[in-house]
Structure formats: C-alpha cells, structure tokens
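generate a structure from the sequence data that follows.
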Amino acid sequence: MTTTAPLADARALGLAHYAARGVLEHVLARHGVTFQQQVVLRAAVTADTPQTPDDLITQVRSSLKADPADIRATLDELLAKRLLVADGAHLRPTDAGRELLAAAVAETAPIGARVWGGIPAEDLAAAGRVLALVTERADAELAALTA
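Numbers count the residues shown, from 1 in each chain. This is a model prediction of the structure:
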C-alpha cells in the first residue's frame, strides 16, 4: 500500500500555525502574558537599539498584520506590567521583561525540539522555501487589498 503525503495548502498551514501557537499560548498564560504581548516584548528585547512606540508598532504590524491601535494597547499593557519602560521617546525592556521572555523561551525550547526533531534537513529547507514564498505572495496580496 502506498501512502501519498498530503499537499501543503492554506488549511494545513493554518492548522500547523494554530497547533504551535496553542502550545506557546499555554506556556505564556502561566507567565501572565498574551501571544501579542510576547511578540511585542520580543521585538523590544531583540532590537539592536531602543525603539520608539511607532517603531515597535510598525515592526509588529508587519509580522502579525494586527491593527496599530491593538498593538498600541499591547504596548500600554506591557508598560503597566513593567515589562517595558519609557526612556524618553523610546521604550526599553525591563529586567523583568527580559527574564519573562527568557523563561518562556527556556520552557518552550524542549517542546520545540520534540516538535521539530527528526524532520530531515532537506524537508525543513523545502518547507522554509515554500513558506517564504507563500508569505511574500500573501503580503503582496494584502498590500493590494489595502492600497
């Protein structure tokens, strides 16, 4: 009996995304933060220089396609939780923000290793190429829709 591998499509991509996101959200909930808060905090922590609120909103909007007002509300939540702090016109992650992100990364790392482990490198490379192309095309379609 021959089994044919399923073709990748939007549904398969969505199911994989939400399965992985579900794991991450479960971990983040234990730390008292949401998925979007984690994305914004990660952007602030990994930036080479302190970012303005507008810089962070632009970066997060580019990746999440979220409403700028929602992202600004998320910035306010992170400031209220003291995971980010205002430093003049810029926002900087606090030690607590860095520690929370590091704890979440440490907690999800072994799960990610189990999820991704054993997948041949050539399959990961092919999937990476396809996902990059799908992202590029979908971004172009969204830009056309919102122009």
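
three-state assignment of the residue nearest the centre of the chain?
Among the residues of the chain, the one closest to the centroid is residue 39, at 4.8 Å (C-alpha atoms, centre = their mean). Assigned with DSSP: H, G, I helix; E, B strand; the rest coil, residue 39 falls in the helix class.

one more: the one 4 residues further on?
Classification of residue 43 by three-state DSSP places it in helix.

could you check how far it is from residue 124?
For residue 43, the distance to residue 124 equals 25 Å [C-beta to C-beta, to the nearest Å]. C-beta: built from backbone N, CA, C; applies to glycine.

in terms of neighbours, single out the busier of these two.
For residue 43 versus residue 124, the count of surrounding residues by other C-beta atoms under 10 Å is larger for residue 43: 21 against 11.

contacts only, for the more buried one.
With contacts defined as C-beta atoms under 8 Å, 6 or more residues apart in numbering, residue 43 is in contact with 51, 56, 59, 60.

which strands and helices sit next to the one helix or strand the second one maps to?
Taking DSSP states H and E as the definition, one finds residue 56 inside helix 53-64. Contact here means 3 or more C-beta pairs under 8 Å, 6 or more residues apart in numbering; DSSP states H and E; on that basis helix 53-64 packs against helix 35-46, helix 68-80.

tell me the angle of it relative to helix 68-80?
With axes from the mean of the first three to the mean of the last three C-alpha atoms, to 10 degrees as the basis, helix 53-64 and helix 68-80 are set at 120 degrees to each other.

which secondary structure elements does the longest helix anywhere in the chain contact?
For the chain, the longest helix by residue count, based on DSSP state H, is helix 121-146. Contact partners of helix 121-146 among helices and strands, from 3+ C-beta pairs under 8 Å, 6+ apart: none.

do me a favour and average the pLDDT over that helix.
Per-residue pLDDT over helix 121-146 has a mean of 95.

need the contact list for residue 64.
Residue 64 neighbours (C-beta under 8 Å, 6+ apart): 36, 39, 71.

turn those residues into TSV, including pLDDT and distance to residue 14.
Formatted as TSV, those follow (pLDDT from 0 to 100; distance: C-beta to C-beta, whole Å):
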residue	pLDDT	distance to residue 14
36	97	18
39	97	18
71	97	22
